[in-house]
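*Asks:* Okay, here's the prediction I keep looking at, along with the sequence it came from:
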Amino acid sequence: MLTLSPRTDRILKLLAWPAAIWIAYELTWYQQFKLTGNEGSVHLFTILSDWLGTPGGEKPFRLFVAILEIFCAVFVLIPRTRMIGAALSLGTMSGAIFFHTVSPLGIDPYGDGGVLFKEAVFTWFMALFVLFAHREEALATLGWLRARLLPQAA
């Protein structure tokens with residue numbers, strides 16, 4: 001594991017706060033479109049649900065992503081759950097990046113220079129930064145999960 005000086009580690013942890021705030025802001029901002037059934041959001045999730053072979057599945061897909069992003073936004077701001085929030089945010093943004101790059105959605109679905117895609121990539125890096133800044137906690141959380149989820153050898 002990478003070991004940094006205590007001062008550098010402290011600076012990284014302080015800088016993780018603005019990164020966590022960005023993640024929460026970004027994910028919360030887009031909830032107004034997902035939860036209210038905004039035409040653009042419905043259109044994007046319709047493209048995705050049709051591409052995934054679940055025509056008519058736009059609304060449950062859109063609302064599932066919205067709820068997941070709300071959990072991410074809340075968890076990443078609470079110190080005790082920050083690792084879960086950052087990891088979920090990293091996974092959620094990985095999904096967004098994946099779907100923008102391989103599905104018919106494309107990187108620039110609105111013709112605005114790919115703002116959604118760029119924000120997903122930036123948010124992905126912010127989540128990665130939060131996990132890196134708190135890497136000891138992240139590794140401890142992984143160890144705790146592994147001990148509870150994987151069977152122990154006799």
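*Replies:* Perfect, I can see it now. Being a predicted model, the structure only gives us computed values, none of them experimental.
*Asks:* going forward, measure contacts and count neighbours with C-alpha atoms only.
*Replies:* Fine.
*Asks:* Contacts made by the longest helix belonging to the chain with the rest, please.
*Replies:* In the chain, taking DSSP state H as the definition, the longest helix is helix 6-29. The set of residues external to helix 6-29 that reach it, using C-alpha atoms under 8 Å, 6 or more residues apart in numbering, is 69-70, 72-74, 76-77, 86, 89, 119, 123, 126-127, 129-130, 133-134.
*Asks:* change it to 7 Å
*Replies:* Under the criterion C-alpha atoms under 7 Å, 6 or more residues apart in numbering, residues 69-70, 73-74, 76-77, 123, 126, 129-130, 133-134 lie in contact with helix 6-29.
*Asks:* now swap in stretch 107-115 and tell me
*Replies:* By C-alpha under 7 Å, 6+ apart, stretch 107-115 touches 100-101, 117.
*Asks:* Using a markdown table, lay out those together with secondary structure, neighbour count and pLDDT.
*Replies:* Putting those into a markdown table (DSSP: H, G, I helix; E, B strand; the rest coil; neighbours: other C-alpha atoms under 10 Å; pLDDT from 0 to 100) gives the following:
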| residue | secondary structure | neighbour count | pLDDT |
| --- | --- | --- | --- |
| 100 | helix | 20 | 96 |
| 101 | helix | 14 | 96 |
| 117 | helix | 21 | 96 |
